[in-house]
Every structure is written in structure tokens, then in C-alpha cells.
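Visitor: Sharing a sequence plus its predicted fold:
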Amino acid sequence: MIIWFRYGVILSAVLCLSLLIYLIIKTFSFGTPALNALASGSRKKGIFFAFGGGMMPWEKESAKKHLLTYGAGIIYHAGIFTAFLYLFLDLFSVKTSLYLDRIFMVLMASSLVCGIGLLFKRSLLKYMRAISSPDDFVSNTLVDLFLIFSLFHTFGPQVRTLWYAAAVLLFLYIPLGKIRHCFFFFYARILFGSFYGRRGVYPPRQPSSFE
């Protein structure tokens, strides 16, 4: 039976990726606005900044005021990508060393703690509940379940069926809910960096000693 769950994970992952690519392609139907002003900067430098210095908390007004949440979010997302890597290594029977398994275990455990903490913050703080939608809670819960079974699997294969089932649910939900930001993030940062890099806004110019 486990082989069918394995196929289910692969098929749901392919479907998920296909729908995400379709959503990206669909954005081109909106067209692009004409850029009448002459370029005063570099698109390439803007993109590098968007993925580098522009990700630092002091460049984000909301993040620099909530450094603990920012740090938890970084760990949470790092652990999620680690769990996906761990899943695909298992799906294709790639053997990993005990040392690498321990790294997977620590990253996924840390991510799970942060994910549950962020879920509690969203649930318990009144102002967070006010700006949250059902999708916020569903997305966080599905990801946390996937992390739980990913972590349990590092101790033994007994939970593999439940792990695969959680992965299928997650892959099917990704294109439908806010989790698709994990894919759109890269696309959006490229557009963001390209536009403001061309305008000469990013990377920020350092003031000279004469200013």
C-alpha cells in the first residue's frame, strides 16, 4: 500500500507545481505598464538587493519592530524547505548519512517549535485574530502536521504512510491558499528588485560626506 501513497505524493507534487506555474503565467495576461522615465539605475543590482540586503529586518518596518517573530519566521521557513528536501530524498530512496539526518532533525524540530509558536500568537493575540483569515490557520496547521510527521520519520519509518498523506494534503492545498507565497515570493522579489533597481531606488545610495 505504501507504494500508492508514494505515487500519490509524486502526483500531487507535480499537480501543485503545474498549477503554480499556471498562476505565474496567468499574471502575464494583465500586461505590463509602460515605463516612460529613463532608467537611472541597474535592474540586476536591484534584484540582488531584493534577495540580499532588502531581506534584512532593518529594511522592513514591520520586521524591525518584531525581531523575535522575524527570526521565528526565518527558522520556520528554513525548516519547511528542509522537510521538503527530506521528503524527496526519501521518495527517491536516496540514502543519507546519520550526520545529515541529525541536521534534518534539528532543523525540522526548531521549525516546528517556531511554527506552533506563530500559530499560538495568531490565535491568542486579539489584533492578530482580527487580521487573520481561516486560510491563515489552515495553512499553518497543514504545514505543522507535515513537519510533525517529517520529524517523527527521522526516528523510524513507522509513520511513513501518515507522513505521505500529510504531504499529499499539503501539496493539494498549496496552490489554493496562502502557502503559494513560497513560490510567488521569488517571482515577486525579482519584479520588485527589477523595478526599483531600474528607478535607482535600490540598492539605496549611501549619502556622501558633502550631503
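Guide: Received the coordinates, thanks.
Visitor: Would you quantify the distance from residue 11 to residue 171?
Guide: Here residue 11 is placed at a distance of 9 Å from residue 171 (C-beta to C-beta, to the nearest Å). Using the backbone N, CA and C atoms, a C-beta is placed for each residue, glycine as well.
Visitor: Quick check: end-to-end length of stretch 35-52?
Guide: End-to-end distance for stretch 35-52, by C-alpha to C-alpha, to the nearest Å: 25 Å.
Visitor: buried ones in it?
Guide: 41-43, 46-50 (16 or more other C-beta atoms under 10 Å).
Visitor: Show me what the lowest-mean-pLDDT helix or strand in the chain is packed up against.
Guide: When each helix and strand of the chain is scored by mean pLDDT, DSSP states H and E, helix 61-64 comes last, with a mean of 72. With contacts defined as 3 or more C-beta pairs under 8 Å, 6 or more residues apart in numbering; DSSP states H and E, helix 61-64 has these neighbours: helix 67-91.
Visitor: For the helix it packs on, the averaged confidence score.
Guide: For helix 67-91, mean pLDDT is 92.
Visitor: Give the next helix or strand downstream of it.
Guide: Using DSSP states H and E, the next helix or strand after helix 67-91 towards the C-terminus is helix 98-124.
Visitor: Flag every buried residue along that following helix.
Guide: 104-105, 107-112, 114-116, 118-119.
Visitor: center of the chain, which residue is that?
Guide: When C-alpha atoms, centre = their mean is applied to the chain, the residue found nearest the centroid is residue 182 (3.4 Å).
Visitor: any idea of the pLDDT on residue 169?
Guide: Note for residue 169: predicted pLDDT of 96.
Visitor: Could you measure from residue 16 over to residue 182?
Guide: When residue 16 is compared with residue 182 (using C-beta to C-beta), they lie 11 Å apart.
Visitor: Give me the common contacts of the two.
Guide: residue 174 (C-beta atoms under 8 Å, 6 or more residues apart in numbering).
Visitor: the more surrounded of residue 11 and residue 171?
Guide: When residue 11 and residue 171 are compared for neighbours, residue 171 comes out ahead with 25 against 12, by other C-beta atoms under 10 Å.
Visitor: Which elements pack onto the helix or strand hosting the more buried one?
Guide: Of the helices and strands defined by DSSP H and E, residue 171 is found in helix 160-173. Contact here means 3+ C-beta pairs under 8 Å, 6+ apart; on that basis helix 160-173 packs against helix 2-27, helix 67-91, helix 134-153.
Visitor: which of those sits most buried?
Guide: Of all those, helix 134-153 carries the top mean neighbour count, a mean of 19, counting by mean count of other C-beta atoms under 10 Å.
Visitor: Not counting its own residues, what contacts the least confident helix or strand of the chain?
Guide: With contact meaning C-beta under 8 Å, 6+ apart, helix 61-64 is reached by 57-58, 69-70.
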